[in-house]
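**Student:** build me a model:
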Amino acid sequence: MQVVDHVIQAVRDIAETALMPRFLRVGSSRKEDGSLFTEADLATQEALAARLPTILPYPVLGEEMTPAEQEALWAANPDGLWVVDPIDGTTNFIHGLPYFAISVALVQNGRSELGVIFNPVSNEMFYARRGCGAYVNGTRLPLKHAPSSMGDTIASIEVKYLRSGRLSNRVNSLAPFGSQRNLGASTLDWCYLAAGRFDLYLHGGQRLWDYAAGALIAAEAGAQMCTLDHDDYWDGSALWQRSAVAAITPELFAQWHRWIRANQ
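**Tutor:** Numbering: from 1, shown residues only. The predicted model follows:
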């Protein structure tokens, strides 16, 4: 078995044993930053931290660690680090909305080399290795052809973290796309872009574990991306809070990039 196959099996096992038995059965608390977490987040992260180093002997950086722990792990392990989000979409998980996922990335020298994202409700396993394409349950992504005009697209838009009030207002009032969605789980948003379910993507600020696996999967499916500040998406200056502007085809990206830059 290849490394990605071992990670896929580990994620399936942990979803079955640590995550889904707690679905709709746990209460929630708030972290210092105000975000929600549950016993399921902690149990899933602990299981990933125990299992992933048996596949490749790298430490695990998880969302539920303290910022100091995360930064220390990142600084000390440039050659290899597992980056995990035990439940992306915890609010959806708590409320019974079937749009949440386990996300695992292998990051080496600042770049994601492998990404696995699993929605256990839909049983969709998205995965990619750098240079090898992206897949869902064995089928190559994207799943469909994208429209050529932005006016016919579906865009996933998260305006909550947009620093520019001008851009936020113009996205809402002068939207160049056909329809807009915001489903509440960044890792799956990337996967839906990769699949062609979304054509455009805009997010004002994602944490490392939100984009490490998802951006790789989207890129391997052919998506192009940048940030609100840099045309090089992987520019290292925004590691812990990175915005995203992306589209599933180069043609749509050129149009979307031009519109975003003109309206920031």
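
**Student:** centroid residue for this protein?
**Tutor:** Nearest residue to the geometric centre of the chain (Cα atoms, centre = their mean): Thr187, 2.4 Å.

**Student:** got the phi and psi for that residue?
**Tutor:** Backbone torsions of Thr187, given as degrees, to the nearest 10, read phi -60, psi -40.

**Student:** separation between it and Asp85?
**Tutor:** 6 Å (Cβ to Cβ, to the nearest Å). Bear in mind the C-beta positions are built from the backbone N, C-alpha and C, glycine included.

**Student:** joint contacts of those two?
**Tutor:** Here Thr187 and Asp85 share the contacting residues Ala101, Ser103, Asp210, scored by Cβ atoms under 8 Å, 6 or more residues apart in numbering.

**Student:** buried ones from these, can you make that a ChimeraX selection?
**Tutor:** Per 16 or more other Cβ atoms under 10 Å, the buried members of those correspond to this ChimeraX selection:
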select :101,103,210
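
**Student:** just put the shared contacts of Thr187 and Asp85 in TSV and tack on secondary structure.
**Tutor:** Formatted as TSV, the shared contacts of Thr187 and Asp85 follow (DSSP: H, G, I helix; E, B strand; the rest coil):
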residue	secondary structure
Ala101	strand
Ser103	strand
Asp210	helix
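
**Student:** could you measure from the residue nearest to the centre of the chain over to Asp152?
**Tutor:** Look at Thr187 and Asp152: by Cβ to Cβ, they are 26 Å apart.

**Student:** sorry, back to before: for the shared contacts of Thr187 and Asp85, which one is nearest Asp231?
**Tutor:** Asp210 (20.4 Å; Cβ to Cβ).

**Student:** ok, and the closest non-adjacent residue to the closest one?
**Tutor:** Ser186 (4.1 Å; Cβ to Cβ, 6 or more residues apart in numbering).

**Student:** could you check the pLDDT of that neighbour?
**Tutor:** Predicted confidence (pLDDT) for Ser186: 97.

**Student:** could you do Ser164 as well?
**Tutor:** Ser164 carries a pLDDT score of 66 in this model.

**Student:** residues touching Val84, list them.
**Tutor:** Counting by Cβ under 8 Å, 6+ apart, Val84 has contacts 45, 48-49, 52, 60-63, 102-105, 209.

**Student:** I'd like those as JSON lines, with secondary structure, distance to Arg140 and pLDDT appended.
**Tutor:** Conversion of these to JSON lines gives the following (DSSP: H, G, I helix; E, B strand; the rest coil; distance: Cβ to Cβ, whole Å; pLDDT from 0 to 100):
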{"residue": "Gln45", "secondary structure": "helix", "distance to Arg140": "30", "pLDDT": "96"}
{"residue": "Leu48", "secondary structure": "helix", "distance to Arg140": "26", "pLDDT": "98"}
{"residue": "Ala49", "secondary structure": "helix", "distance to Arg140": "31", "pLDDT": "98"}
{"residue": "Leu52", "secondary structure": "helix", "distance to Arg140": "25", "pLDDT": "98"}
{"residue": "Val60", "secondary structure": "strand", "distance to Arg140": "29", "pLDDT": "98"}
{"residue": "Leu61", "secondary structure": "strand", "distance to Arg140": "29", "pLDDT": "98"}
{"residue": "Gly62", "secondary structure": "strand", "distance to Arg140": "30", "pLDDT": "95"}
{"residue": "Glu63", "secondary structure": "coil", "distance to Arg140": "29", "pLDDT": "91"}
{"residue": "Ile102", "secondary structure": "strand", "distance to Arg140": "22", "pLDDT": "98"}
{"residue": "Ser103", "secondary structure": "strand", "distance to Arg140": "20", "pLDDT": "98"}
{"residue": "Val104", "secondary structure": "strand", "distance to Arg140": "20", "pLDDT": "98"}
{"residue": "Ala105", "secondary structure": "strand", "distance to Arg140": "20", "pLDDT": "98"}
{"residue": "Trp209", "secondary structure": "helix", "distance to Arg140": "25", "pLDDT": "97"}
